[in-house]
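# With the sequence up front, the predicted model follows.
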Amino acid sequence: MRLLYVALTRAKHGLYIYAALPDKKGSFFDVGESDGTTYFAFMSGAINAHGYEALSIQDLARRFESGDEGRIFGKGEEEFVRELKKVYADHDEENYGERVKTTVTALSAEAAREEERSFDPERKSDDTSDLLTRTGTAYHKCMELIDFSKPFEENAKTLNSETVIDFELVELPKIETCYNALSPYLKGAKVYKEKQFIATYGNTLVQGVIDLLIVKDGKATVVDYKNSSIKHLSEGDPSYIQYKRQVGIYAEAVKNILGIEVEKVALYSFKTGGFITFD
């Protein structure tokens with residue numbers, strides 16, 4: 001929100017907001033402030049109230065074709081307009097609405113869905129209960145708060161219900177096992193926890209969070225925590241396929257953004273107390 005505030009308040013000659021709505025709507029303003037899933041939704045009420053014009057990508061493309069873009073853009077943005085024209089010229093209007101921004105979880109889930117029927121035609125999608133989600137989130141939060149430079153006993157004292165929501169769902173011995181498994185790899189390394197990123201994957205803009213990124217001797221290791229059942233960690237299972245693609249995207253993001261070779265990608269399972277590594 002701070003970044004958004006700066007972006008909105010520093011404009012001197014004009015402010016243009018380009019946004020993709022998550023769903024097809026009858027009107028560009030059908031998504032209101034209460035939706036809150038995008039910055040545009042958050043701002044749409046104010047934009048509409050002040051009478052600013054909102055155009056779909058198709059309408060904007062038609063204005064470009066008719067040479068009427070001057071109604072929207074100033075002369076100082078001619079180069080930017082040219083670049084936008086290229087995008088629209090290459091854009092198949094029939095396929096417009098296809099997702100151009102997603103999360104790593106959503107993108108990697110596609111691979112699992114593609115393989116799901118061939119793996120088990122009778123299988124139905126698992127209902128991820130609120131309890132499982134809350135438990136997984138609690139484990140992730142504990143690992144985010146762990147200070148690997150301190151003994152586990154000292155860490156255990158700081159991990160409690162006041163610092164971790166749903167802490168009662170966490171089994172502390174499992175956190176200790178994870179701490180002991182990771183500690184040898186972290187000596188002399190730079191450690192990044194819950195590392196957020198935005199990167200391109202093919203033609204898609206992807207955002208994600210790497211649970212643990214270890215950088216040592218110019219090489220990186222990516223670790224993703226999982227509290228899934230052992231069945232879902234079996235090779236060939238749709239969830240396993242999803243996880244493998246997920247950490248693969250993380251590895252590609254690290255390589256492209258940081259320019260660091262990724263030596264290893266792995267899942268750490270709280271169920272098994274061990275690692276699952278991928279090539």
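Sure, I can see it.
# show me the contacts for residue 59.
By Cβ atoms under 8 Å, 6 or more residues apart in numbering, the contact list for residue 59 is empty. (C-beta placed from N, C-alpha, C; glycine too.)
# now do residue 192
Each residue near residue 192 by Cβ under 8 Å, 6+ apart is listed here: 210, 212-215.
# Please repeat the previous calculation with a cut-off of 6 Å.
Residues in contact with residue 192 (Cβ atoms under 6 Å, 6 or more residues apart in numbering) are residue 213.
# That one pairs with what?
residue 213 (DSSP bridges).
# roughly how far apart are it and residue 62?
46 Å (Cβ to Cβ, to the nearest Å).
# ditto for residue 236
49 Å.
# So for the two, which residue has more residues nearby?
For residue 236 and residue 62, the more surrounded residue by other Cβ atoms under 10 Å is residue 62, and the numbers stand at 14 against 10.
# Which strand or helix spans that one?
Here residue 62, judged by DSSP states H and E, is contained in helix 57-66.
# swap in residue 148?
Short version: residue 148 belongs to no helix or strand, going by DSSP H and E.
# Just confirm it contacts residue 186, I think it does.
Yes - using Cβ atoms under 6 Å, residue 148 is in contact with residue 186, at 5.0 Å.
# now residue 167: how far from residue 224?
Applying Cβ to Cβ to residue 167 and residue 224 gives a distance of 21 Å.
# Among the two, which residue is more densely surrounded?
Between residue 167 and residue 224, counting by other Cβ under 10 Å, residue 224 is the more crowded of the two (20 against 15).
# So what pairs up with the more buried one in the strands?
Assigned bridge partners for residue 224, using DSSP bridges, are residue 267.
# domains for this structure, by residue range?
For the chain, automatic domain parsing gives the domain ranges 2-95, 101-278.
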